[in-house]
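Novice: no sequence on this one, just coordinates:
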Ligand code: NAD
Ligand code: DAU
């Protein structure tokens with residue numbers, strides 16, 4: 001598996017995975033990335049040209065995808081529209097990239113019989129109650145809530161169908177919330193860190209009771225690398241590091257680490273249809289592949305992440321104002337239109 005095609009390699013997790021492979025393998029990497037608002041080629045800065053080739057293009061471009069897949073031994077598919085809030089206001093790009101883009105890649109790997117790993121999310125399973133001791137497993141039924149998570153669920157089902165019907169050699173991983181360097185400032189943790197660095201109060205949706213299961217992005221990378229090399233074709237693996245925390249708790253850690261008063265934040269209107277809790281049971285990955293996370297202390301990981309954003313304003317400053325403008329526009333649209341929170345089958 002020498003030549004690896006990585007879609008979305010200029011995004012948060014894709015770029016971290018590229019850095020991981022540069023350090024832990026001798027792979028020659030091609031990144032295919034459309035450099036949308038979420039992609040930044042500066043996230044790949046410093047990687048020797050002999051190891052990395054960046055192709056700026058769209059995963060829905062079938063001739064381009066076919067040409068790149070033909071030259072690869074394996075494909076790792078990260079490219080996606082990834083932000084729930086954006087999906088509530090403009091779902092179309094999520095369908096194009098997450099569904100049609102994944103279909104386009106599947107057709108190419110089918111033609112060329114190329115090993116394929118599909119990166120997905122725990123959000124395909126919907127949410128758990130705050131007081132439910134259960135966690136998601138590989139057999140939890142799909143029940144996505146947002147346009148984002150429903151398009152990711154659709155993409156997973158396409159992969160499963162292409163494995164079953166056409167013998168495509170694919171694996172899927174569904175991971176929980178990642179944090180670490182190179183994450184876009186629209187996302188919860190970098191948004192709050194960069195707000196504080198700008199002297200702006202952090203913004204907490206609703207009461208902040210929603211729980212996310214945090215994993216350091218480097219641990220996600222090590223899991224994907226294990227699955228790509230040693231995973232069983234046709235299988236789904238859940239990736240998580242036992243990192244459940246409420247948003248309020250995470251914000252409390254960030255405020256403390258940045259020397260802020262514990263009450264120095266604003267609560268703002270809640271996200272429509274906001275999933276309550278995600279929790280991952282990664283037993284299969286741990287037992288079958290012997291994987292375990294290296295980063296177990298969220299506070300220490302957050303301290304390093306804060307330090308990274310403090311030292312690298314050149315990387316994020318350019319997108320901060322536009323991101324906050326978009327949040328203002330979305331808040332205005334939500335106020336004008338309103339959004340439901342019910343789910344078919346919930347009796348809501
Ligand atoms: P991101 O938004 O930071 O990066 C997405 C990348 O995909 C960007 O570089 C963007 O330019 C590129 N892209 C978007 N549309 C494209 C297109 N049509 N053609 C080519 N490139 C395109 O996302 P991320 O947070 O790094 O997430 C990467 C993957 O991991 C996604 O599939 C996401 O669903 C999944 N995931 C994310 C998390 C998380 O916590 N962020 C957790 C689990 C799974
Ligand atoms: O679970 C995996 C998913 O995690 C990935 O599939 C998605 O691509 C990724 O974006 C992430 O989704 P979330 O919606 O959980 O992440 P986000 O960073 O947007 O929000 C995390 C939590 O913080 C969520 O409960 C909403 C809340 N939040 C978010 C923002 C941006 C706030 O309270 N305030 C904010 O300003």
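Specialist: Everything's here; your move. In this text, all values refer to a predicted model and were calculated from it rather than measured experimentally. Ligands and ions are numbered 1, 2, ... in the order given.

Novice: how many neighbours does the nearest residue to residue 235 once chain neighbours are set aside have?
Specialist: Spatially, and ignoring its direct neighbours in sequence, residue 235 is nearest to residue 171 (5.8 Å; CB to CB, 6 or more residues apart in numbering). (C-beta placed from N, C-alpha, C; glycine too.) Residues lying near residue 171 (other CB atoms under 10 Å) number 22.

Novice: Can you give me the distance of residue 171 to residue 125?
Specialist: 18 Å (CB to CB, to the nearest Å).

Novice: quick one: the strands in the stretch 51-200 of the chain?
Specialist: 52-56, 74-77, 115-121, 170-175, 178-179 (DSSP state E, counting those that start in this stretch).

Novice: quick revisit: relative to ligand 2, how far out is the residue nearest to residue 235?
Specialist: As for residue 171, its distance to ligand 2 is 18 Å (criterion: CB to the nearest ligand atom, to the nearest Å).

Novice: so what's that residue bridging to?
Specialist: Beta-bridge partners for residue 171, by DSSP bridges, are residue 117.

Novice: Contacts only, for whatever residue of the stretch 1-150 of the chain ends up closest to ligand 1.
Specialist: Closest approach between the stretch 1-150 of the chain and ligand 1, counting by CB to the nearest ligand atom: residue 11, at 2.0 Å. Contacts for residue 11 (CB atoms under 8 Å, 6 or more residues apart in numbering) come out as 33, 38, 39, 43, 78, 79, 80, 82, 184.

Novice: mind listing what the residue lying closest to residue 33 once chain neighbours are set aside touches?
Specialist: Nearest residue to residue 33, sequence neighbours excluded (CB to CB, 6+ apart): residue 10, at 4.0 Å. By CB under 8 Å, 6+ apart, residue 10 lies in contact with 31, 33, 35, 39, 40, 41, 43, 44, 54.

Novice: Kindly report the same for residue 237.
Specialist: 138, 171-174, 223, 227, 231, 282, 284-285, 288-289 are the contacts of residue 237 under CB under 8 Å, 6+ apart.

Novice: now do 10 Å
Specialist: 117, 138, 171-175, 223-224, 226-227, 231, 282, 284-286, 288-289, 291 (CB atoms under 10 Å, 6 or more residues apart in numbering).

Novice: Find me the pLDDT at residue 335, would you?
Specialist: With respect to pLDDT, residue 335 has a value of 79.

Novice: Can you tell me which residues in the stretch 201-348 of the chain are near ligand 2?
Specialist: Contacts of the stretch 201-348 of the chain with ligand 2, taken as CB under 6 Å from any ligand atom, map to 203, 204, 205, 210, 212, 247, 271, 278.

Novice: Need the residues you listed in TSV (columns: pLDDT and secondary structure).
Specialist: Listed next are these as TSV, based on pLDDT from 0 to 100; DSSP: H, G, I helix; E, B strand; the rest coil:
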residue	pLDDT	secondary structure
203	97	strand
204	98	strand
205	98	strand
210	98	coil
212	98	strand
247	98	helix
271	97	coil
278	98	coil
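
Novice: Could you point out which of these is nearest to ligand 1?
Specialist: Taking these together and measuring to ligand 1 by CB to the nearest ligand atom, the closest member is residue 212, at 8.6 Å.

Novice: Can you get me a residue count around the closest one?
Specialist: Neighbour count for residue 212, taken as other CB under 10 Å: 22.

Novice: and the stretch 51-200 of the chain, which residues reach ligand 2?
Specialist: 82, 83, 84, 121, 122, 123, 176, 177, 187, 188, 191.

Novice: quick one, what contacts the nearest residue to the last one once chain neighbours are set aside?
Specialist: Of all residues not flanking residue 191 in the chain, residue 185 sits nearest, at 5.6 Å (CB to CB, 6+ apart). Shown here is residue 185, whose contacts under the criterion CB under 10 Å, 6+ apart are 191-195, 309, 315-324.

Novice: For residue 131, state which of the residues of the stretch 201-348 of the chain next to ligand 2 is nearest.
Specialist: residue 210 (13.2 Å; CB to CB).

Novice: lowest-pLDDT helix or strand in the protein?
Specialist: The helix or strand of the chain with the lowest confidence, counting by mean pLDDT, DSSP states H and E, is helix 313-337 at a mean of 92.

Novice: Residues contacting it, please?
Specialist: 37-38, 40, 42-43, 45, 83, 85-86, 88-90, 181-187, 190-191, 193-195, 197-198, 200, 203, 268-272, 308-309, 339.

Novice: could you redo the last one with a cut-off of 7 Å?
Specialist: Here helix 313-337 makes contact (CB atoms under 7 Å, 6 or more residues apart in numbering) with 42, 85, 89, 184, 185, 186, 194, 269, 272, 309.
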